[in-house]
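**Student:** predicted structure and sequence below. I'll ask about it afterward.
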Protein chains: 4
Amino acid sequence: MIIILKEGATKEQIVNVEKRLIQLGFTTHPIYGEVKTVIGAIGDKRDVNRNAIMLMEGVEEIVPIMLPYKLAGKELYKEPTIIKIAQDIEIGGPKLIIMAGPCAIEGETEFIEIAKKVKQGGAHILRGGAYKPRSSPYSFQGLEIEGLKILERARCETGLLIVTEVVDTRDVETIDRYVDIIQIGARNMQNFRLLKEVGNSNKPVLLKRGLASTITEWLMAAEYIMSEGNENVILCERGIRTYEPSTRNTMDISAIPVVKELSHLPIIADPSHATGHAKYVPALAKAAVAAGADGLILEVHQDPPNAMSDGEQSIRPDRFIDLLFEISKIAQAVGRSL
Amino acid sequence: MIIILKEGATKEQIVNVEKRLIQLGFTTHPIYGEVKTVIGAIGDKRDVNRNAIMLMEGVEEIVPIMLPYKLAGKELYKEPTIIKIAQDIEIGGPKLIIMAGPCAIEGETEFIEIAKKVKQGGAHILRGGAYKPRSSPYSFQGLEIEGLKILERARCETGLLIVTEVVDTRDVETIDRYVDIIQIGARNMQNFRLLKEVGNSNKPVLLKRGLASTITEWLMAAEYIMSEGNENVILCERGIRTYEPSTRNTMDISAIPVVKELSHLPIIADPSHATGHAKYVPALAKAAVAAGADGLILEVHQDPPNAMSDGEQSIRPDRFIDLLFEISKIAQAVGRSL
Amino acid sequence: MIIILKEGATKEQIVNVEKRLIQLGFTTHPIYGEVKTVIGAIGDKRDVNRNAIMLMEGVEEIVPIMLPYKLAGKELYKEPTIIKIAQDIEIGGPKLIIMAGPCAIEGETEFIEIAKKVKQGGAHILRGGAYKPRSSPYSFQGLEIEGLKILERARCETGLLIVTEVVDTRDVETIDRYVDIIQIGARNMQNFRLLKEVGNSNKPVLLKRGLASTITEWLMAAEYIMSEGNENVILCERGIRTYEPSTRNTMDISAIPVVKELSHLPIIADPSHATGHAKYVPALAKAAVAAGADGLILEVHQDPPNAMSDGEQSIRPDRFIDLLFEISKIAQAVGRSL
Amino acid sequence: MIIILKEGATKEQIVNVEKRLIQLGFTTHPIYGEVKTVIGAIGDKRDVNRNAIMLMEGVEEIVPIMLPYKLAGKELYKEPTIIKIAQDIEIGGPKLIIMAGPCAIEGETEFIEIAKKVKQGGAHILRGGAYKPRSSPYSFQGLEIEGLKILERARCETGLLIVTEVVDTRDVETIDRYVDIIQIGARNMQNFRLLKEVGNSNKPVLLKRGLASTITEWLMAAEYIMSEGNENVILCERGIRTYEPSTRNTMDISAIPVVKELSHLPIIADPSHATGHAKYVPALAKAAVAAGADGLILEVHQDPPNAMSDGEQSIRPDRFIDLLFEISKIAQAVGRSL
């Protein structure tokens, strides 16, 4: 790391900073500028307490040279990670992966009906919430264990793999038994205990970006999961909070190439949550694929006005089928396939 | 609520919307404008699914008239809530409450030493993290149960009440036994399961505002706790995420009068997390009290450069003592006392 | 508009609000709810002072029903506007329009060299700044009138149309004589005098979205230009300010479908300013076209390290040529062409 | 500055970067780390084109050591600047300065009436807009030259000094003749031509922070004015744009101590624009003074419901008088006076 000293830092202050750095295991290289002094500190000490140096007298700023994540970055893994979910389902390879289904599981009949339709449209993975994080305590909170059983039956009937969200450390073990991919939602991206718990699962984890998380914080959340031993993390851009009111969130489309630059992990996009309006979902789904996403997760409901959660952003099965056709053309234009 | 229909909505669409509203238990009052029709729907149905109407043909927008929270708002409780923590410690009354201590509990001797100093400075409540939500898995994660025991001993030795953060539903029961106030941190403000769990405790809850939460979402988080039966919620403004890089977060000073307008719950401020720099803490602590805060929570450490967490935003005990003196003058200027 | 009265508003207050509305030319339709009263006010009075009602006793909120813009919206113009710049150059039609060139005009030889290259790559319009809005007074501020002359010569030599930015009301007349499209930069989107001035030109105006402007404010800026008589406004999404530091701005990709929903005006995208890094430009250029943009504006420089402005976000001519080929495939996938 | 090279940068790339730095007039100090190489470049070259180095092969990042502003920072001026506006009116000294008046000048009689009331309340400087930047072209745009004449008469009648906003380079000369302080509004903070023009005036300039400007950009805007010769710049925090909808903007209260840390220039606060609601103005006015502001600018109107602009955020004269009394107590608590 680089330590920038304040203008007017005394010789004694500079020497003290150097001494402290040496104590901490660094070798030091001071550079005396005309106005300010700078000390280069060599040594890979990612766990050193920043303030041990930052708060010494005469110190103005510390500039880290190394990234804060190891496993989620490209230092150790130069090649893109391809996560194999089933015999023929891989995320991060040339084929795009489509996850689709309703926001919440509302009942068995309806759910299996949607499952069949998204299967027919070309989806690979079925989504559906059994445990719902709702911003109001008075809203439908999910069918919980009954929802998991419905998911299982839908898998049996359709052959689709399943993904569902976990919202409590106490549920990880149960959910793990039922699903193919465990989802960490945006609101829990920094629920570190939950991240550790799914880090001990051997199921792939779909990690949504937090509502207002930086890409670095998101990769650090992936690092939490990976540092427990589970390296199968799929990132999901789902829109960030901005001042713009016309969409529920603002999809950070640039997060896709930025993640591809910084990390080996696959990344998919969630245009449903990013916009909050079904009418904008097709444009954003196509944009995400054009920008290099490895797949999409889409909310599909056969009767959005009667959906118990997030109906406004759900597209109908027939629109879903058309959309996948449009997306296959974009996929081809960027050298991929559905 | 008010339903705004699209320009050009047909008579049939309007009638259908009215029928649906009546089905849902509303009485309807259509107003036919020159360009658009609007329907007033009367009935307190806070739990009606917005999209049941929003997605009907011809509907442009829905404007709710009622606030989404009941218990956290002023509809039922017109008077400010005063939370009694101990015989002579009340939050929300004319006396300001000061919570102070280090970010994390690092060891018994050091902690009790700080505890004595903040007591001497005039603090009422001792803070200290036993379970730490850290953005890196490689950072110090807290002493956990051992930390709780140290808190208990510090209370015995100083008579200060104690507050500590809970980060996992599985720990609520244990923490509840040790502390006087349970803290929900910013990262868990929408960890709804955790909110419900502390809602079943009979200890007051210090609810920090989420990193990028609106005031409405924050009051809805309070509603989660209150709807489980625990109405002793203390709100804490701790800075929100903005584009400005010179402070760790941006303290939303206007949140203080806005919360006083919308809610009966007491609100304190955390200038340490809001700025991230000890040098800016005094200015913001004074500003918060001038704006009407019911108290402050401050990070104090006797040796910030060696703090295991958040040293950069911790003030030293001597500065803390001076600051409380400065704050007492501001308190007086706004008709309150320390 | 809809006026929502406070809980507990008195009969007298309600009557007073109605009287005032009638005075202002509205007809009124009160709806008496269980808790609150609401008044529907009919009449298209976009210029009524909101606070005339908002500040009356008993009023809680006003909800406008009509959009604040007329000319920029779809009320009057239902069909998409196609702006004809030259015989065979139209913006908003099935063919995408590509504007390209360096950030600033640095000298005649270099500029004409780039102009030839972007022409060869397939660009339709040449961009280049003669008057540069730079955040530092010590940075290169543009060649001004000499730059305009170079633009003119580049047009002669290549046949490309030209677009350049105006930053001062005093320069509008001069720039108008030289260029085919006048650009209003992001920093001047709410420089209302400048908007009025270009509203009196008969040249099309490229209106960049402000650094942190909402889509409504952006359309209101277009309204300023249009209300002066110049209806040829081309919108340009160039990224908005967010908390994310990995890109210079965050491209609001959803702005493209939202503008298509709200306005008849054409919209192009500027992935160079949106990301600030050449390496992310291709992904975002493709995403913008996939999302429905009517064209792109791209910074191209033959020697980015020596560019006098914005070199980091400029792509080289050879990359530009490849990129247009990639974009033509995306265009085809969404039913358009280059 | 510090140049950080990419992991795996070749010896040749490192040598080339050094050569280029030497060519640009720097002396270089490479530090070879275990993973990455870093080069310290000594020499105060604030005007070097960042991309000349940034775009060389092997370069990952550049870290500037020097601040981008000279005149606005503390390098040259260590002591706080006190701006003398009149014999006994100084901004930046121990006495707080209060600017007050209506948003817009609406007519002579009303304006002089308010002027007398704010004088009586204790204001030092009278504000009133003659040229209004309104987001709608259909809103009242100000009385222009007639407004300036009314300002002049109000000054004659009350002895108050006057401040008004300039929105066009063409008006600077005229406005300069009438007023004591020229205001640059938030929307024009990066209208660099306008900044230069007022930089050539000898009247003090009140520079409002841009809607979504960083503190660095704000100080760079001050630098523009100062670099033209006018060093009498008064900064004004007026709220920044965030995602929070309950206030018009979010007052960045921490900007006050941050500006005091980085700059010698005085800073005042505008709680009226920061909140947009009269009811929140007193709390924020007090907070700003507690945080160290050198003064306030407040919107006062004798009949807010009939104000032609910004009535909702205007307080009435009687509230203003009370507020100044409350503020005088806060001022005293922080060692200042009104």
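**Tutor:** Arrived safely.
**Student:** which phi and psi does residue A:286 have?
**Tutor:** Phi and psi for residue A:286, reported as degrees, to the nearest 10, are phi -70, psi -40.
**Student:** any idea how far residue A:209 is from it?
**Tutor:** 20 Å (Cβ to Cβ, to the nearest Å). To be clear about C-beta, it is placed using only N, CA and C from the backbone, and glycine gets the same treatment.
**Student:** with adjacent residues omitted, what lies nearest to the residue of the stretch 51-200 of chain A found nearest chain D?
**Tutor:** At 5.0 Å from chain D, residue A:63 is the closest residue in the stretch 51-200 of chain A, using Cβ to the nearest Cβ. What sits nearest to residue A:63 in space, not counting adjacent residues and going by Cβ to Cβ, 6 or more residues apart in numbering or on different chains, is residue A:2, at 4.2 Å.
**Student:** with residue A:84 instead?
**Tutor:** Leaving aside its sequence neighbours, residue A:84 sits nearest to residue A:90 (Cβ to Cβ, 6+ apart; 5.1 Å).
**Student:** so where's chain A uncertain?
**Tutor:** Residue ranges of chain A with pLDDT under 70: A:44-47.
**Student:** show me where it has its strands.
**Tutor:** A:2-5, A:27-32, A:37-42, A:59-63, A:83-86, A:89-91, A:97-101, A:125-127, A:161-165, A:181-184, A:205-208, A:233-237, A:267-269, A:295-299 (DSSP state E).
**Student:** domains of chain A?
**Tutor:** Chain A breaks down into these structural domains: A:2-63, A:83-333 (assignment by automatic domain parsing).
**Student:** tell me which of those domains lies nearest to residue B:75.
**Tutor:** Judged by Cβ to Cβ, the one of these that comes nearest to residue B:75 is domain A:83-333, at 14.3 Å.
**Student:** check contacts around residue A:113.
**Tutor:** Contacts for residue A:113 (Cβ atoms under 8 Å, 6 or more residues apart in numbering or on different chains) come out as residue A:302.
**Student:** not counting sequence-adjacent ones, nearest residue to the residue in the stretch 1-150 of chain A positioned nearest to chain C?
**Tutor:** Using Cβ to the nearest Cβ, residue A:67 is the residue of the stretch 1-150 of chain A that sits closest to chain C, at 11.8 Å. Closest residue to residue A:67 apart from its sequence neighbours, by Cβ to Cβ, 6+ apart: residue A:73 at 5.2 Å.
**Student:** that neighbour and residue D:32, how far apart?
**Tutor:** In this structure, residue A:73 and residue D:32 are 21 Å apart, going by Cβ to Cβ.
**Student:** okay, those two: which has more neighbours?
**Tutor:** Legend: neighbour count by other Cβ atoms under 10 Å in any protein chain shown for residue A:73 and residue D:32, higher for residue A:73 (18 against 13).
**Student:** so that one is in contact with residue A:262, correct?
**Tutor:** Yes. In this structure, residue A:73 sits in contact with residue A:262. The criterion is Cβ atoms under 8 Å, and the distance is 6.2 Å.
**Student:** residues that sit against both of those two, list them.
**Tutor:** Shared contacts of residue A:73 and residue A:262, defined by Cβ under 8 Å, 6+ apart, comprise A:67, A:219.
**Student:** enumerate the residues of the stretch 151-300 of chain A near chain D.
**Tutor:** A:212, A:241-243, A:245 (Cβ under 8 Å from any Cβ of the partner chain).
**Student:** rewinding a little: the residue nearest to residue A:84 reaches residue A:81, doesn't it?
**Tutor:** No. Residue A:90 lies out of contact with residue A:81 (Cβ under 8 Å); the separation is 10.2 Å.
**Student:** ranges for the helices of the stretch 151-300 of chain A?
**Tutor:** Across the stretch 151-300 of chain A, reading from the start of the chain, the helices by DSSP state H, counting those that start in this stretch fall at A:172-178, A:192-199, A:215-227, A:255-262, A:271-275, A:281-290.
**Student:** how about those in CSV, adding distance to residue B:155 and mean neighbour count?
**Tutor:** Written out in CSV, the entries for the helices of the stretch 151-300 of chain A read as follows (distance: least, Cβ to Cβ, whole Å; neighbours: other Cβ atoms under 10 Å in any protein chain shown):
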stretch, distance to residue B:155, mean neighbour count
helix A:172-178, 34, 17
helix A:192-199, 25, 24
helix A:215-227, 32, 24
helix A:255-262, 46, 22
helix A:271-275, 44, 28
helix A:281-290, 53, 29
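**Student:** let's have the ones you listed in TSV, adding distance to residue A:131.
**Tutor:** Conversion of these to TSV gives the following (distance: least, Cβ to Cβ, whole Å):
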stretch	distance to residue A:131
helix A:172-178	8
helix A:192-199	12
helix A:215-227	18
helix A:255-262	26
helix A:271-275	17
helix A:281-290	24
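**Student:** nearest to residue C:299, out of those helices?
**Tutor:** Proximity to residue C:299, assessed across the helices of the stretch 151-300 of chain A by Cβ to Cβ, is greatest for helix A:255-262 (16.8 Å).
**Student:** the closest one: how far from the chain's middle?
**Tutor:** 12 Å (Cα atoms, centre = their mean, to the nearest Å).
**Student:** from residue C:312, how far off is the spatially closest residue to residue A:165 that is not a sequence neighbour?
**Tutor:** Computed as Cβ to Cβ, 6+ apart, the closest residue to residue A:165 that is not its neighbour in sequence is residue A:183, at 4.2 Å. Distance, residue A:183 to residue C:312, using Cβ to Cβ: 36 Å.
**Student:** for residue A:309, give its distance to residue B:219.
**Tutor:** 21 Å.
**Student:** and the residues of the stretch 151-300 of chain A next to chain D near chain C, which?
**Tutor:** A:212, A:242-243, A:245.
**Student:** please indicate which of those residues are buried?
**Tutor:** Among those, those buried by neighbour count (16 or more other Cβ atoms under 10 Å in any protein chain shown) are A:212, A:242-243.
**Student:** so the closest residue in space to residue A:22 that isn't next to it in sequence bridges to which residues?
**Tutor:** If you skip the residues right next to it in sequence, residue A:22 has residue A:28 as its closest partner in space, 6.3 Å away by Cβ to Cβ, 6+ apart. When assigned by DSSP bridges, residue A:28 has beta-bridge partners residue A:41.
**Student:** quick one: contacts for residue A:28?
**Tutor:** Shown here is residue A:28, whose contacts under the criterion Cβ under 8 Å, 6+ apart are A:18, A:21-22, A:39-42.
**Student:** for chain B, what's the nearest residue on the stretch 101-250 of chain A?
**Tutor:** Taking Cβ to the nearest Cβ as the measure, the stretch 101-250 of chain A has residue A:212 as its residue closest to chain B, at 3.2 Å.
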